[in-house]
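K.L.:
turn this into a structure:
(chains A, B and C)
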Amino acid sequence: MTLSHLATEDVFVVERNDADFRAGQGMTKGLGIVFRKFRKALFGKPNSDRADTEGQFNVQYPEERLAMPEAYRNMPILLYDDATGHELCTSCFQCERICPPQVIHITQAKDPATGKPVPAAAKFVLEYDTCMSCGYCAEVCPFDAIKMDHDFELSTANHPELDVDYNRLLRPVSYYETIAPTMWSDVKEQAMKKLQNNIKRRPGDIGRDHGQKIKGGAPVAAAATPAAGAAPAAAAKPRGPVAAIGKNMPEDKTAKLLAIRAANAAKRGGGAADAAPVAQAAPVVEAVADAPAAVSAAPTGPVAAIGQNMSEDKRAKLEAIRAAKRAERGE
Amino acid sequence: MLKTEELQINIGPQHPSTHGVFRMLVTVDGETLVDLKPVFGYLHRNHEQLGEVNTYLQNMPFTDRLDYFNSMVNNHAYARTIETLAGVEVPERAQYIRVIMDELSRILNHATAMGFMLGDMGAWQTALLWGMREREKILDMFEYVSGARMMCNYCRFGGVVRDIDDWFITELKKLMQGLPHYFDDFEGLLLNSEILLARARNIGVLPKELALAYSVTGPVLRGSGVAYDIRKAEPYAVYDRFKFKVPVGTVGDVYDRFLVRIAEMRESYKILEQALEQLPDATGGFINPKVKQQSLKAPAGEAYARVESPKGELGFYVVSDGSGSAYRYKVRAPSFINLSALADMCKGYTIADVVVILGSIDIVMGEVDR
Amino acid sequence: MADALTQLGFASWLSVLIASIIKVTLILVGGSVGMMFLTWYERRSISYMQDRRGPNRVGPQGLLQPISEAIKTMTKEDATPRDADKIVHFLAPVVMLGATVLSFAVIPWGRMFPVDLNAAVLFVIATGGLHSIGMMMAGWGSNNKFALLGGMRGVAQLISYEIPQVMAIIPVVLMTGSMSLQKIVEAQNDFAGLGWYVFSPVGLLGFALFFTASLAEGERTPFDIPEADSEIIAGYMTEYSGMKFAVFYLSNYMSNLAVCFITATLYLGGGNGPGVDALGGIAGGLLSLIYFLLKSFALFFVMVLIRATVPRLRVDQLMSFAWKFLLPLVLVNILSASFWVALLRWDQQWPKLTEWFGAPSTADATNWGRLAIAIVLTLLINAGAVALIMRLTNRNVQKHLYTTDEELALGLS
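P.N.:
Have a look, this model is predicted:
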């Protein structure tokens, strides 16, 4: 019964003071301390610093509120871009897969014309009542579309209301920027890049037809492309396959893939570019061009988003493919 | 011979001092307890089965819900188990961060646990609320680093989810300025109070042999005079780099457990001081970047890792069949095992003592029922 | 008051009736408002002790909180357990409140006396004793095990603590020579209104003992065992809700208020204080009322302070405290009170005393020699007794305070 691996210098016996003469001195000391606390709380300043142990420490909640730390996570929300109204979510299902209580339910949007999936969510339902606020969805989201909100005053008498749908989940990016400025600035650039890339693959209003956002045109795209006619038309234009080159692919592989895709497109013919394989490969897409360039170049053709960092021979190859495709379409 | 009738009373599951939905079926003769039968399972929520269905990462937030006072410690224990299983390296900074969080958890747990015990004893809520004040300060800091106050979900395999920054360290230093005052006030309030002595001395005695036979751990075991602390016995993380002592009691009564907990808070304070001093800079990173958190697959095998949770030895046992989720998952919850000694600790004392003894074991039903 | 009404032309029976009704109303309103203030006062001050703020929303500084809570409890459902003894269950709070309100009849508000009974002290104790009946009724009538335990604990506690409480008053009665509260207050008016009994060794010990015993009578921490919420939920009040619970609550706090009033009257000179006599008339009366309330609420603050600090005792410890600690000290205090009275008032039977120290004091001429020797003697007796009892108690504590296995086996065989 010896636990000898603890050295004696590591152990000490607590002092019980069993033999002390007790005449109420312990109780008197306690009363004194409590009275001191009373005095300090009544006449002293409120407890504000973490080093304080005296003075009132409670916060008068509805009037006074503690500042929420940026990392605070309550319930997940979805973001949309203020400028274009486009939602950041591409329905990649990463969050649905990781969610420990499995409360996220996503339906992918489909192009009404072709029936092919589009990188946007048609429906997004989150059961707030079962959500455990673990924050995994926000952690895994490759598009920074789902974030943890700071609003905790969600109580309601109406239980079904807690199955929150897409419309009520959406918040503008600017809102998230106010509640978590540094966390957003860390990811802002890549998130916006990815968004611009996705916008190109969303026909019509898909991807921005939820919530109370301003509708009827994507402001940025419209402003940047006066020559291209109606903005919706520009947005509706099918996007070329080259927009969705995976960022992790080695460059020669990319070129090869592009060639194959172009060939396929040529085989099928028609104006409808095959967005399908692209969309399925979507989870890790990243626009190779920077966002403004992509936007301004968009109306000139579906293939505008070619990265500037590609080597010259590849660029030449691509140009050849594009030419072939244009010929196919009869442009 | 005069014979009195025995009375059977249900203390709990709805009772002011059962610390959750715990039921004690007690048989009393007048006020004296003749028999006690603990009944639990009201909070059972299939934790271990869920752990076998979920992936390794998905199970992490569920461990928060075991002992919801010390989710940081639970995370640490679970992460350690999976790291052992999958052979994951943990950066040194992450180890230190984990130790800091563990020791902060220990302080807040003991502060509130002692407060609750004194509340059971009838000392209204003064000690409890002073403890709550310190706990709030610590929870604010947890919220800052992890995003949640209680359900921290902070550890990841091979590190922690977010690094601690200057703000955290400044605030921790401020907090540590205040803590000794709190310890002094708390001790002065009740440590030598005559009524506390009368209520706590020689009450709920758990002899050393019985404690070992029940495989009781934590402050309850140390109160019974066995110097056993996993931080010393099997130093995990970076505990072997700190100088601290293990307090032990002599009698094994409520008072000894009380004293041991207060002494442990002071020792935790020492560890925090040293950890802050030794904390390596951020160059080493706070998480092992090679680990695929979401799709972690452990090789087939088994692992058991344990940490010294504030309540005792918290261990996770995981058997892997090589897939992404555990084949078998078992939690060794200290509260549950410590609670099994309750009946033997209570017999012969009065109803008033029973609630105090229960409070001195410091149980959390989330961990007992799982 | 009745005389004044008769002079106004009312029939004598009518004037007595009207005067009584007015007095009863005043007592009831004063008691209830006092109780409401007391709950707010307790909650606010205990909050500050615990570093928080307490009720501060309803009304200025939360002063109207008790009213909102009264409305809340009155509108709540009044549930009676199915198997309860309905009549007893209903009557228990009534008995409790009735007993408390009765004791308010003799409490002097400063220098105003609703009723000046010549055995007021006895009356207060007697009405206090009625509480145990109410408790037992509640505990038994609820048909609940926790309530029964609470009721039993309560009765045992009240009966045990009545003895030291009554005996702690005896020194005061001896020193005054009367059981009338008015006389007791008047007797403490020496030394410019500061001749309170608490400043004498006998009175000091008596005050401590009486106040401690009163804490037990009023079920205050550390003696709140009949309603120990962590052990037996709410004791005898477990099955009460709504209005009936409110009545229990009211009675509890009113009896606490009464305890503070009576302690202030018996030992702290009631409404006496510097300046009262000098002012005289209505102004003096008001000043005495202010003194009286200040003293009472200071006492209540001590109760709150104790509540915020110490844990509660166990039943057996409570009993041994009453019988082994309070009772011997109270008896010794009676002895020293007798010496006190003998030294200050006695001259015929012991002429030597007069020869040495002069005649015993009257109201205006104090015999300092006799007073000094009385103080020294009683101080010695009391201090010696306290030291002795403490030593004995310490020895007991160090031996055993809990039931051993052998004792348990004996008790169960």
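K.L.:
please count neighbours and contacts with C-alpha atoms only from this point.
P.N.:
Will do.
K.L.:
for residue A:210, list the residues it contacts.
P.N.:
A:166, A:167, A:170 (C-alpha atoms under 8 Å, 6 or more residues apart in numbering or on different chains).
K.L.:
send the alpha carbons of the helix or strand that contains the second one over as PDB?
P.N.:
Going back to what we said before, that points to residue A:167. Per DSSP states H and E, residue A:167 falls inside helix A:166-169. Extracted as PDB, the C-alpha positions of helix A:166-169 are listed here (Å, rounded to 0.1, in the frame of the first residue of the first chain):
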ATOM      1  CA  TYR A 166     -31.200  30.300 -44.900                       C
ATOM      2  CA  ASN A 167     -33.000  33.600 -44.900                       C
ATOM      3  CA  ARG A 168     -32.600  34.000 -41.200                       C
ATOM      4  CA  LEU A 169     -29.100  32.700 -41.000                       C
END
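K.L.:
ranges for the helices of the stretch 101-250 of chain A?
P.N.:
Secondary structure of the stretch 101-250 of chain A by DSSP state H, counting those that start in this stretch: the helices cover A:136-140, A:166-169, A:173-179, A:181-199, A:219-224, A:231-236.
K.L.:
residue A:185: how many residues sit nearby?
P.N.:
The tally of other residues near residue A:185 (other C-alpha atoms under 10 Å in any protein chain shown) stands at 12.
K.L.:
list the contacts of it.
P.N.:
If you count contacts by C-alpha under 8 Å, 6+ apart, residue A:185 has them with residue A:177.
K.L.:
ok, now residue C:261?
P.N.:
Contacts of residue C:261 (C-alpha under 8 Å, 6+ apart): C:107, C:270, C:292, C:293, C:296.
K.L.:
now do residue B:103
P.N.:
Per C-alpha under 8 Å, 6+ apart, neighbours of residue B:103: B:268, B:269, B:271, B:272.
K.L.:
got a PyMOL select line for the buried ones in those?
P.N.:
Command for PyMOL that selects the buried part of the contacts of residue B:103, burial taken from 16 or more other C-alpha atoms under 10 Å in any protein chain shown:
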select buried, chain B and resi 268+269+271+272
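K.L.:
save the contacts of residue B:103 as a markdown table, and put in pLDDT too.
P.N.:
Output for the contacts of residue B:103, formatted as a markdown table (pLDDT from 0 to 100):
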| residue | pLDDT |
| --- | --- |
| B:268 | 91 |
| B:269 | 91 |
| B:271 | 91 |
| B:272 | 90 |
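K.L.:
now, which of the contacts of residue B:103 sits nearest residue A:117?
P.N.:
Closest approach to residue A:117 among the contacts of residue B:103 (C-alpha to C-alpha): residue B:272, at 53.9 Å.
K.L.:
hang on, the closest one is in a strand, isn't it?
P.N.:
No - with DSSP: H, G, I helix; E, B strand; the rest coil as the criterion, residue B:272 is located in helix rather than a strand.
K.L.:
that one contacts residue B:102, correct?
P.N.:
No - in terms of C-alpha atoms under 8 Å, residue B:272 does not count as a neighbour of residue B:102; the distance is 9.5 Å.
K.L.:
on that earlier part again, nearest to residue C:236 among the contacts of residue B:103?
P.N.:
Nearest to residue C:236 among the contacts of residue B:103: residue B:268, at 43.4 Å, using C-alpha to C-alpha.
K.L.:
near chain C, which residues of chain B are found?
P.N.:
B:3, B:9, B:15-17, B:118-127, B:129-130, B:189-190, B:193, B:195-196, B:198-199, B:202-203, B:348-349, B:351-353, B:355 (C-alpha under 8 Å from any C-alpha of the partner chain).
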